[in-house]
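>>> Give me the fold of what follows.
(chains A and B)
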Protein chains: 2
Amino acid sequence: MESVLRNTLCLLILLFLSWQTSYSLPRSSMVAPSFLNRFLRVPSKTISAPKYKYQIRYFQQRLDHFSFADLPSFSQRYLINTDHWSGPSRLGPIFFYCGNEGDIEWFAANTGFVWELAPRFGAMVIFPEHRYYGESMPFGSREVAYKNATTLAYLTSEQALADFAVLITELKQNTSAQSCPVILFGGSYGGMLAAWMRLKYPHISIGALAASAPILQFENIVPLDTFYNIVSNDFRRESVSCFNTIRESWDVINSVGMTKSGLSLLTKTFHLCGELKSAEDLSDWLDSAYSYLAMADYPYPADFVMPLPGNPIKEVCKKIDSSPNGTDILQRIFEGVSVYYNHTGKYKCFNIDDDPHGMSGWDWQACTEMIMPMSSNRNTSMFPAFEYDYVSDAEYCYRNYHVIPRPTWITTEFGGHDIKTALGTFGSNIIFSNGLLDPWSGGGVLENISETIVALVTEKGAHHLDLRAAMAEDPDWLVEQRASEVKLIEGWLGSYLKSKEIVHLESAVQ
Amino acid sequence: MESVLRNTLCLLILLFLSWQTSYSLPRSSMVAPSFLNRFLRVPSKTISAPKYKYQIRYFQQRLDHFSFADLPSFSQRYLINTDHWSGPSRLGPIFFYCGNEGDIEWFAANTGFVWELAPRFGAMVIFPEHRYYGESMPFGSREVAYKNATTLAYLTSEQALADFAVLITELKQNTSAQSCPVILFGGSYGGMLAAWMRLKYPHISIGALAASAPILQFENIVPLDTFYNIVSNDFRRESVSCFNTIRESWDVINSVGMTKSGLSLLTKTFHLCGELKSAEDLSDWLDSAYSYLAMADYPYPADFVMPLPGNPIKEVCKKIDSSPNGTDILQRIFEGVSVYYNHTGKYKCFNIDDDPHGMSGWDWQACTEMIMPMSSNRNTSMFPAFEYDYVSDAEYCYRNYHVIPRPTWITTEFGGHDIKTALGTFGSNIIFSNGLLDPWSGGGVLENISETIVALVTEKGAHHLDLRAAMAEDPDWLVEQRASEVKLIEGWLGSYLKSKEIVHLESAVQ
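Next comes the predicted model:
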């Protein structure tokens, strides 16, 4: 009863705010940051020539697995490769990547680890696309699917997991592979899905590698300021003066941006293609760059969300710190973020007018289930201080989608509070891998929960680096981390095969 | 893709059958038998003076937990008693009964075990009602809720489990009981819910007693003829001649029932209130009696689905066997089933024209998710032989509800196939209790799955007898079974408290 009252009260407040206000709240306090850069201009068809070989197939899915409402089904895209599969008679494993918030071909291209492992394990590889992303659109088109809350209603993580469960079950049936063990993989939100899938559907898979999965970044399970503290520390460890310059820049931007001529100056300094409308827009653009730099602070050049040099934060700070004495702070900041936004040097100007009302899938998810509260702490963060503000988040969500967030749903459905007690004697075979440079590691599982639900933590790792293809430049710790993962997966498969009384263990696994 | 084709094909076949046929298929081959007697005439308000003390409360629930569709919420009824609760500071446990397909007050009255245990454990007791049953009606009334497939769409087990999860979470929050351990209880379908709840929401409860929960009665996990074989064996073990008499009776009924005068004779012999319309109706009525007698074959008089004497099958067979030589077989059968339908002797005649189109909640569930295939085997069963016929089931469901069953959904969502492999190293703290006289035990978990997911099997037990209140007449094996259950629950609580570093173990548990 109380929750009804609370919801009703909340709705009334939101409606009041909606009516009363027309200004836009600063983005940094609104809904959970997305894992993927919303300033990223990914062409709708990112992968012209796929890095890895696969077939593209489609599978018809129910829109709502958990009701019998008469809704149209939709076509889920998935990528599949069976070239190396040792087949059902040898219980060849199935490597299943839990598709996350984007085009699945893009994730496939950036998850070399799974492709490289497949021949070694005689594994089939499947990359299913997450509903409402890429080509897997309900209602026939993205335009209709993203039209409003009624059509977006079924974009939830539980529905996505059920899609995966139904897909695996049918595929196994069709290939007589019912007894073949499934190993789940996933990074970021996909890692959360992999972990939750293993927990919710233990009969479907025998283990999961959940890379950089912040399943504890909900409610107050971890301190709200952890994300921005980690980003800030990543900069401070490279250079205290760089950290300080960034920290001081916000006030300068705000004060310069108070006048029209000041906005023109900012537009010019930051080489923006269009006239800057507010200082907040610029701050958001910078905030985003710093956060993604922290996520992608890899030890070698990589092109995950953006083409970046190795150790990009070091490079950013080098630029900020090494400008000639007397260089304007704004110019320093521009030089720094250019490492992020323009490493290739191909942009003459930058387009930052991201439509705040644009309906991206993650924005919807962050407005419904994925309520990941964050704050920025004046003492430890290089970002402007702000408190988490549920009401302003909810107002944003109601205004944009006419939907009211359910901030306690994820922990009710998937747990998270006191996870060590809940899973200490329940569940098995999950690897939570995290790199401590990654700001999302603050919401990750960083300690072993039990003998078989384990944490692999690397001090110098960033956002699911372990899932990427092996490189000549890989540092030892990364090689070791991947070896540990392989060993654990081998162990799961070995136990499974043993339980199936298959003695040809070596030949099947090797 | 194949599943779409299959579904479409299936639908076309159904529509064709729908158009072509107007006859009614024999009930025994249609949809899963309900756990509760559909011939039972339970007054809408069964419990005038509750046996146990509780408060009745209501809690507002989402209609679809797994989407953000704009649907009306509904009011879920629950019973609560905190008289014996030792409170949050002592981590007093919460005993939570997973309400099943009926009025929750009726289950509360018939689940004395939970009430009797509560003072001993210092436990709070909660009996939530299952959505779409009793007073917990979406759309304001039973009439609207049961109107059609659109309104019934949200009557699913997953939604019911989510109701439970949300309710527990909110109640704990409101009583500062976040750390208090929850023990789940449930019998029959409620036992299935208890087991599934423990598996799907391990962060919500620490253990579950799933009594007579046939979670394996899906697809081909267990032999399809197991249910009717067990019923038949229950009769054969009392008397081979009784078994044979029943076995021979069907042909007699059918041949007599072929003419109008024959139907009149059957009407008179079986003391029916209204004129019998077909022999099948009578066969259904008898089939139902035998099945429920097997479920309720308790060692002492009880009033669960019907007031019955102790060892009711023995009594039925006594009547059938002891009629004077030369007594007509139909008369013998009538004398026998009168033990079931009229033990109190208060009925002058019997009303058997159960409306086959009547929308009972279980009928809907059996037409959507709860597809429990059954057959009757000529060699081992006393019932007429029949094969499981999915198409006729689906036709029945489409005709009555315009819904197409999802026969593989439950095992996709909850597992069941090769359960020992799936849960051997996953999950903990579930008791599957089964009595082998109970025909549902054929679909139950009868062997330990792991050290902590255990089977308690009693040779002489029937349908979740262990959940009933203790009686002076309880046989030793039942007393021992309950003691084992208590000991296991104590163990779960002890480990939990230990993990919480509460040393006052004895005082908290004792």
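
>>> got the buried residues for whichever helix or strand A:Val337 is part of?
Using DSSP states H and E, A:Val337 maps to helix A:329-341. Under the neighbour-count criterion of 16 or more other C-beta atoms under 10 Å in any protein chain shown, helix A:329-341 has A:Ile329, A:Leu330, A:Arg332, A:Ile333, A:Phe334, A:Glu335, A:Gly336, A:Val337, A:Ser338, A:Val339, A:Tyr340, A:Tyr341 buried. Quick note: C-beta positions are derived from backbone N, CA and C, even for glycine.

>>> A:Leu266 is in contact with the second one, correct?
Yes - counting by C-beta atoms under 8 Å, a contact exists between A:Leu330 and A:Leu266, whose distance comes to 7.1 Å.

>>> Name the residues contacting each of the two.
Common contacts of A:Leu330 and A:Leu266, defined by C-beta atoms under 8 Å, 6 or more residues apart in numbering or on different chains, comprise A:Ile253, A:Val256.

>>> what's the weakest-modelled helix or strand in chain A?
helix A:2-20 (a mean of 45; mean pLDDT, DSSP states H and E).

>>> Following element in sequence after that one, please.
strand A:55-61.

>>> Look up the closest residue to whichever residue of the stretch 201-350 of chain A sits closest to chain B, ignoring the ones flanking it.
Residue of the stretch 201-350 of chain A nearest chain B, by C-beta to the nearest C-beta: A:His203 (3.1 Å). Ranked by C-beta to C-beta, 6 or more residues apart in numbering or on different chains and with sequence neighbours excluded, the top spatial neighbour of A:His203 is B:Gly415, at 3.1 Å.

>>> OK, contacts around that neighbour?
A:Tyr201, A:Pro202, A:His203, A:Ile204, B:Leu199, B:Ala422, B:Leu423.

>>> out of these, which are buried?
The neighbour-count test (16+ other C-beta under 10 Å) marks A:Tyr201, A:Pro202, A:His203, A:Ile204, B:Leu199, B:Ala422, B:Leu423 as buried among those.

>>> Go through the residues you listed and flag which are in helices.
Judged by DSSP state H, helices contain the following of these: B:Leu199, B:Ala422, B:Leu423.

>>> can these go into a markdown table with extra columns for distance to B:Pro309 and pLDDT?
Below are those laid out as a markdown table (distance: C-beta to C-beta, whole Å; pLDDT from 0 to 100):
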| residue | distance to B:Pro309 | pLDDT |
| --- | --- | --- |
| B:Leu199 | 38 | 98 |
| B:Ala422 | 42 | 95 |
| B:Leu423 | 39 | 96 |
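
>>> List just the nearest of these to A:Ala469.
B:Ala422 (32.3 Å; C-beta to C-beta).

>>> Now do the same contact list for the closest one.
Counting by C-beta under 8 Å, 6+ apart, B:Ala422 touches A:Pro202, A:His203, B:Gly415.

>>> And the pLDDT at the last one?
B:Gly415 is assigned a predicted lDDT (pLDDT) of 98.

>>> So A:Leu209 sits against A:Phe185, correct?
Yes - using C-beta under 8 Å, A:Leu209 is in contact with A:Phe185, at 5.1 Å.

>>> what residues are shared contacts of these two?
Joint contacts of A:Leu209 and A:Phe185 (C-beta under 8 Å, 6+ apart) are A:Ala194.

>>> neighbour-wise, which of these two wins?
Legend: neighbour count by other C-beta atoms under 10 Å in any protein chain shown for A:Leu209 and A:Phe185, higher for A:Leu209 (32 against 28).

>>> Need the residues that contact the strand or helix carrying that one.
Using DSSP H and E, A:Leu209 maps to strand A:207-211. With contacts defined as C-beta under 8 Å, 6+ apart, strand A:207-211 is touched by A:183-188, A:191-192, A:194-195, A:197-198, A:428-434, A:464, A:466-467, A:485, A:488-489, A:492.

>>> Give the buried residues for it.
Neighbour-count burial for strand A:207-211 [16+ other C-beta under 10 Å]: A:Gly207, A:Ala208, A:Leu209, A:Ala210, A:Ala211.

>>> so for it, what's the average pLDDT?
pLDDT averaged over strand A:207-211 gives 98.

>>> one step back: how much space between the residue of the stretch 201-350 of chain A closest to chain B and B:Ala162?
Computed as C-beta to C-beta, to the nearest Å, the A:His203 to B:Ala162 distance reads 19 Å.

>>> Check A:Asn220 too.
A:Asn220 is 22 Å from B:Ala162, by C-beta to C-beta.

>>> quick one: which of those two has more around it?
Between A:Asn220 and B:Ala162, counted using other C-beta under 10 Å, the more crowded position is B:Ala162 (25 against 9).
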